[in-house]
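1. pasting the sequence and the predicted model now:
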Amino acid sequence: MFSNDVHGGIDRSQATFMNPEFPPQLGGGGSAATLIKQVRALGGKKRASILLDAGDFFQGRPVGTVTQGRAVIEYMNAIGYDAMTIGNHEFDIKQEDLIPTLQMANFPIITCNVIERKTGKIPWYAFPYQIISRMGLKIGIVGFTTTDTEKMSFPDNIKEVQFLSEKEEVAKYVKILREEEKVDIVIVLGHAGLPYDVIPTYLSRYEASGKPIAQQRYAAWGYDAQEIAREVEGIDLFIGGHMHRGVAKPWIDPVTQTMVIQGYAYGSNLGWITLTIDEETKTISGYESPAMREGSMITLFEDQFIPDPVIGETIAAQVAIAEKGMDEIVGTAGVYLSRTNVDAQSLMGNTIVDAMRFEVKSDFAFMNLGGVRADIKSGPVTYRSVFDVMPFDNMVVSFKCTGEFLRKVIETRIEGGRHGLIVSGGNVIYSKKQKNFERVTSFKIGGKPYDPKKIYTVTTTDFLMQGNAGLSLLTQVPESDITYHQINLRDAIVNYFKKNSPVKTKIDDRWKRDDNAEHTAEMKQ
């Protein structure tokens, strides 16, 4: 059994992803505990279980974020996890805050590619792998953390650690497990996932023989689960995450036969896959999924898995403390504010950047698409609603720059296969048929054509200001031109609802892709 990207989702919640208006009730950690106990009760001479987590365990929901993960670790201790790897969002807080939480774990924290800068070794609180014995089998579990973390975390939070190549380190430790430790089965527990279009992506990467089509790897991000499964020999099962997209049936690499599986996020489900073992060779002969409609992804419906009373009550008590005051109504949404993107626009995303610009009265605002974490349905809006949308403690920052610099920022986010920015205060038209860094064909700020030499005030987040999400260009802005407003982005959104309700954001002409567009006169300067 396994979980991934729990993001503090051990509490009861509503499955709005199934039905926004009439969502089924999910039981969180209480229901997960019930299912886990049911699976363990199936044990005997012919069956045994392992419980693993693939990282991003606490940052997202109030009970996880407010307690800095302690409530989640207490739950994992209570139900008996066997191992967990470290996700990128574990580094949303500083090491001095993270380590005491990890120390609470009664199970090993495993990651083979995170090392201390001072010593060059894996941090003392973690291990590269763990060996577990079940039914006479020796099972080796290697953990790793995506190197995407370097591009997605505040530099100050990761200044003491370094992230080595996932592929090289996993290959190194799989070899150790196979040749030195003599394990029977190797499981990789990695905070990385399969690409969204699994088969087309695979076919674009590898020939039928499994040989890479490209001789050199050009990916800007870390290795994903598909690449590790194909390019590292000796892995039986890869349990992944990071993508927040469940895979009901394992992706099986046609060359290595490595199985890859991953779940959804926020504690909405628990993964359950049964490996069948050949008793003579002690190797995996296949797999089975439970006879439920989700395949290996079991949605934790409360009416199906009645929450364990002891664990459920403990979580509820922690939630009550963490969520004090969160049901205060701060405004209303006049429409359903969805985070579903139309190009680089969404009703929720547009609302956030409008709130940022409104808060500090700037000319223009932008943020990354991945920063929007939930919808807000029409009707009363509470602080809880805003927290769900923006669970991370990003701060509002503004800076002064020329129109030409701002244009370069936008060009950076639409070069290659990148998907753009959520913007406010301007109108951007771009064409993918144009050359990289010449794709913006029309750019207006405040309804007027942008002036390359004019100084504009621009609002964004401290997360992006530190060069994350590919915007290293922002690190070139002089400190004298930056204003740190000491305003949490959540609070800016709350203030926007308080002063502008009912909020009726629209998809408008602020961002548009037109591959037939030609450069306007000012863009040719």
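-> Thanks, I have the structure now.

2. this protein: helices as residue ranges?
-> For the chain, the helices defined by DSSP state H occupy 28-40, 62-65, 70-79, 95-103, 149-152, 166-175, 198-205, 225-231, 309-322, 347-360, 383-389, 403-412, 462-465, 489-500.

3. arrange the ones you listed in CSV, one row each, with distance to residue 427 as further columns.
-> In this view, the C-beta of every residue, glycine as well, is placed from N, C-alpha and C. Putting the helices of the chain into CSV (distance: least, C-beta to C-beta, whole Å) gives the following:
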stretch, distance to residue 427
helix 28-40, 43
helix 62-65, 36
helix 70-79, 43
helix 95-103, 42
helix 149-152, 29
helix 166-175, 40
helix 198-205, 33
helix 225-231, 38
helix 309-322, 41
helix 347-360, 13
helix 383-389, 25
helix 403-412, 11
helix 462-465, 21
helix 489-500, 21
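
4. so in terms of bridging, what pairs with residue 459?
-> Beta-bridge pairing for residue 459 (DSSP bridges): residue 365, residue 398.

5. now for it, how many residues are close by?
-> The number of residues packed near residue 459 is 27, by other C-beta atoms under 10 Å.

6. from residue 363, how far off is it?
-> Distance, residue 459 to residue 363, by C-beta to C-beta, to the nearest Å: 9 Å.

7. contacts only, for residue 258.
-> 229-230, 235-238, 252 (C-beta atoms under 8 Å, 6 or more residues apart in numbering).

8. again, only using 7 Å
-> Counting by C-beta atoms under 7 Å, 6 or more residues apart in numbering, residue 258 touches 229, 235-236, 238.

9. determine which two of the residues you listed are furthest apart.
-> 229 and 236 (10.3 Å; C-beta to C-beta).

10. comparing the two, which shows the higher neighbour count?
-> Ranked by neighbour count (other C-beta under 10 Å), residue 229 and residue 236 place residue 229 first, with 27 against 20.

11. tabulate the helices of the chain (a markdown table), appending mean pLDDT and distance to residue 211.
-> Below are those laid out as a markdown table (pLDDT from 0 to 100; distance: least, C-beta to C-beta, whole Å):
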| stretch | mean pLDDT | distance to residue 211 |
| --- | --- | --- |
| helix 28-40 | 96 | 40 |
| helix 62-65 | 92 | 43 |
| helix 70-79 | 98 | 41 |
| helix 95-103 | 95 | 40 |
| helix 149-152 | 84 | 29 |
| helix 166-175 | 98 | 16 |
| helix 198-205 | 90 | 10 |
| helix 225-231 | 95 | 10 |
| helix 309-322 | 96 | 49 |
| helix 347-360 | 97 | 40 |
| helix 383-389 | 93 | 44 |
| helix 403-412 | 96 | 33 |
| helix 462-465 | 90 | 38 |
| helix 489-500 | 96 | 46 |
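
12. do you know which of those helices lies nearest residue 436?
-> With C-beta to C-beta as the measure, helix 403-412 is the member of those nearest residue 436 (7.5 Å).

13. and the contacts of the closest one?
-> Residues from elsewhere that reach helix 403-412, judged by C-beta under 7 Å, 6+ apart: 364, 421, 428, 437, 439-440, 443, 450-454, 456, 458, 470-471, 473-474.

14. make a ChimeraX selection of whichever of the residues you listed turn out to be buried.
-> The ChimeraX selection below is limited to those of the contacts of helix 403-412 classed as buried (16 or more other C-beta atoms under 10 Å):
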select :364,421,428,439,440,443,450,456,458,470,471,474
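
15. show the pLDDT at residue 153.
-> Looking at residue 153, its pLDDT is 84.

16. looking at it, it is touching residue 91, isn't it?
-> Yes - checked against C-beta atoms under 7 Å, the pair residue 153 and residue 91 is within contact range at 4.3 Å.
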